[in-house]
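Coordinates for the following, if possible.
(one chain, ligands or ions: 1)
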Amino acid sequence: MADTEPTAQQPQASGQPAAVPLPTERSCPFSPADGYRVLREQGVARLAFPSGPLGWVVTRHADAKALLTDTRFSARQEGLVPPVPSELHYAAPAEPGAFAKTDDPQHSHYRKLLTGFFTVRRVREMLPLIERVTREQLDRLAEAGPGADLVEHFAEPLPARVMGEFLGIPEADLEPLQRHVNALGNITSTIPEAITAITGLGEFLGSFVPPLIETPDEGPVGDLVRTGKVDDKELMNLVSTMINGGLDTTGNMLAQGVFALLQHPDQLALLREGPELMDGAVEELLRYLTISHLGASRWALEDTEFGGRQVKQGEVVVVALGAANRDPERFADADRLDLTRADHSHLAFGHGSHQCLGQHLARATLSVAWRGLLDRFPDLQLAVPAEQITMRENYVHYGPLALPVSWTREVR
Ligand code: HEM
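The predicted structure follows:
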């Protein structure tokens, strides 16, 4: 793919910039793809989608916010195309309840049913659960011993178990669920692999949800049943939305944050010495690392003008969240990880009506988990050279595939 990466291309005679594929090549595992620098200079840039059509990519912070709040652009699944080579293209409208890929009025109708579960107050009530699961996963990491993979023993299972206990999912079901969610988040999955994952998820939901419709529990699924506002299909898709959100995101950010801290010892030392920096550190790491590295996509509902470009009806616009979060127009010294940075106006959770539903849960989980890890292992370090860490290039959410770590001291 390297030879098709963007270069400093001149606008074409038409005044439109030349189309390039979405940049993916990185020289640093903590920074967005290198090609975004050139694209940011162009403003709204022309994008060539692998399946053929042309679209646009937005890399500036101000443009990203404007686009994500612009109702001339739709999040509906049927108009979206993968911005990178992938067999996984869902050309049909999202199913009832799967609101992330819909517009209003469906979007707000379903989203409102879940917002109450993920407020700051509800997440505060979940802290004892997050703290207990963190302690248990730290024990499992410690049992695995120096050299253990932090992703396998800590980062991946921790948020999955939190979401699992919150929803009442038995722990034994989480590992297969995680496999299915991973397969669906892998853009290089084949169609048969995706079908296996969708079938597996469907079988789980088919066994988990109906008994709760029959006898609602005291948790969120029971609450949803008691609203009387959702049928079986909608309920399954709402539960599936929460499972996907819980199992495919925070774990990657957790591991990627540890990797970044270990590679920025000055910042790690600041955080070890100043626990009060944690809330700001969470925001800065979210900005700096922006794990939703393929961005957020929307498509034009009508022929329209955006950012000085003529966007045609149906054209897809990718909002490169990672590039926007490094926009020097918005963030001073944008490419520097600075845990004391006061500007937290990053777009790592998106922006506008589709802004991440689980953001308060993610923040709380990251904060508790990073604090717990740093306290338990005061001299945590990588167990292999950083160059040997393989990254999740092929996944919707970026982070290390595995992160072997070691330590000589443990504080219980
Ligand atoms: C560090 C962790 C996370 C990151 C970086 C992240 C990132 C994002 C981003 C960028 C979006 C917006 C996508 C768009 O506009 O197209 C989003 C939406 C969403 N996220 Fe998260 N997320 C995280 C954790 C979670 C968690 C823990 C949940 C659990 C409930 C969750 C559930 C959702 C849902 C349901 C949406 C769709 C919201 C809507 O369309 O209204 N996310 N997330």
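
quick one, phi/psi of the residue of the stretch 101-250 of the chain found nearest the ligand?
Going by CB to the nearest ligand atom, the ligand is nearest to Gly245 of the stretch 101-250 of the chain, at 2.5 Å. C-beta coordinates here come from the backbone N, C-alpha and C atoms, glycine included. Note on Gly245: its backbone torsions stand at phi -60, psi -40 [degrees, to the nearest 10].

How many residues are close by it?
A count of nearby residues for Gly245, using other CB atoms under 10 Å, gives 22.

try the one 10 residues further on
Other residues within reach of Ala255, judged by other CB under 10 Å, total 27.

which residues does the residue of the stretch 101-250 of the chain closest to the ligand contact?
Counting by CB atoms under 8 Å, 6 or more residues apart in numbering, Gly245 makes contact with Met163, Cys356, Leu357, Gly358.

Just give the nearest non-adjacent residue to the closest residue to the ligand within the stretch 1-150 of the chain, would you?
At 3.7 Å from the ligand, Ala100 is the closest residue in the stretch 1-150 of the chain, using CB to the nearest ligand atom. Sequence neighbours aside, Thr241 is the residue nearest to Ala100 in space, at 6.3 Å (criterion: CB to CB, 6 or more residues apart in numbering).

Could you do Pro170 as well?
Leaving aside its sequence neighbours, Pro170 sits nearest to Gly164 (CB to CB, 6+ apart; 7.6 Å).

chain center to the host helix or strand of that neighbour, what's the gap?
Assigned by DSSP states H and E, Gly164 belongs to helix 157-167. Chain-centre distance of helix 157-167: 16 Å, with CA atoms, centre = their mean, to the nearest Å.

That one packs against which elements?
For helix 157-167, the elements it packs on are helix 127-144, helix 171-185, helix 220-227, helix 232-247, helix 250-262, helix 359-376, judged by 3 or more CB pairs under 8 Å, 6 or more residues apart in numbering; DSSP states H and E.

could I get the first one in CSV with only the CA atoms?
The C-alpha trace of helix 127-144 is given here as CSV (Å, rounded to 0.1, in the frame of the first residue of the first chain):
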residue,chain,number,x,y,z
LEU,A,127,-17.0,2.0,40.3
PRO,A,128,-17.0,-0.8,42.9
LEU,A,129,-17.5,-3.3,40.0
ILE,A,130,-14.7,-1.8,37.9
GLU,A,131,-12.4,-1.7,40.9
ARG,A,132,-13.0,-5.4,41.8
VAL,A,133,-12.6,-6.6,38.2
THR,A,134,-9.4,-4.6,38.0
ARG,A,135,-8.0,-6.2,41.1
GLU,A,136,-9.0,-9.7,39.9
GLN,A,137,-7.4,-9.1,36.5
LEU,A,138,-4.2,-7.7,38.1
ASP,A,139,-4.1,-11.0,40.1
ARG,A,140,-4.4,-12.9,36.9
LEU,A,141,-1.7,-10.9,35.2
ALA,A,142,0.5,-11.4,38.3
GLU,A,143,-0.2,-15.2,38.2
ALA,A,144,0.8,-15.3,34.6
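
circling back to that earlier point, burial of the residue of the stretch 1-150 of the chain closest to the ligand, as a residue count?
By the measure other CB under 10 Å, the count of residues near Ala100 is 17.

Quick check: residues of the stretch 101-250 of the chain near the ligand?
Where the stretch 101-250 of the chain comes near the ligand, counting by CB under 6 Å from any ligand atom, the residues are Arg111, Phe118, Thr241, Met242, Gly245, Gly246, Thr249, Thr250.

export those residues to a markdown table and tack on pLDDT?
Output for these, formatted as a markdown table (pLDDT from 0 to 100):
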| residue | pLDDT |
| --- | --- |
| Arg111 | 98 |
| Phe118 | 97 |
| Thr241 | 96 |
| Met242 | 96 |
| Gly245 | 91 |
| Gly246 | 87 |
| Thr249 | 96 |
| Thr250 | 97 |
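
What is the nearest of the residues you listed to Pro83?
Closest approach between those and Pro83, by CB to CB: Thr249, at 18.5 Å.

Is that closest one in contact with Ala362, as I believe?
Yes - between Thr249 and Ala362 there is a contact at 6.6 Å, judged by CB atoms under 8 Å.

Can you work out which residues contact both of the two?
Shared contacts of Thr249 and Ala362 (CB under 8 Å, 6+ apart): Pro159.

Rounded mean pLDDT for the helix or strand that Ala62 is a member of, please.
Assigned by DSSP H and E, Ala62 falls within helix 61-68. Mean pLDDT, helix 61-68: 98.

With respect to burial, which of the helices and strands packed on helix 157-167 scores highest?
Burial of the helices and strands packed on helix 157-167 is given as mean neighbour count (mean count of other CB atoms under 10 Å); helix 250-262 ranks first at a mean of 24.

between that one and helix 157-167, how many degrees?
Interaxial angle, helix 250-262 versus helix 157-167 (axes from the mean of the first three to the mean of the last three CA atoms, to 10 degrees): 150 degrees.

Which SSE is immediately downstream of helix 250-262?
Following helix 250-262 in sequence, per DSSP H and E, is helix 265-273.

For that following helix, output the C-alpha coordinates as PDB.
Extracted C-alpha coordinates of helix 265-273, given in PDB (Å, rounded to 0.1, in the frame of the first residue of the first chain):
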ATOM      1  CA  PRO A 265       9.000   7.600  30.500                       C
ATOM      2  CA  ASP A 266       8.900  11.300  31.400                       C
ATOM      3  CA  GLN A 267       5.100  11.300  31.200                       C
ATOM      4  CA  LEU A 268       4.900   8.000  33.000                       C
ATOM      5  CA  ALA A 269       7.000   9.400  35.800                       C
ATOM      6  CA  LEU A 270       4.700  12.400  36.100                       C
ATOM      7  CA  LEU A 271       1.700  10.200  36.400                       C
ATOM      8  CA  ARG A 272       3.300   7.900  39.000                       C
ATOM      9  CA  GLU A 273       4.300  10.900  41.100                       C
END
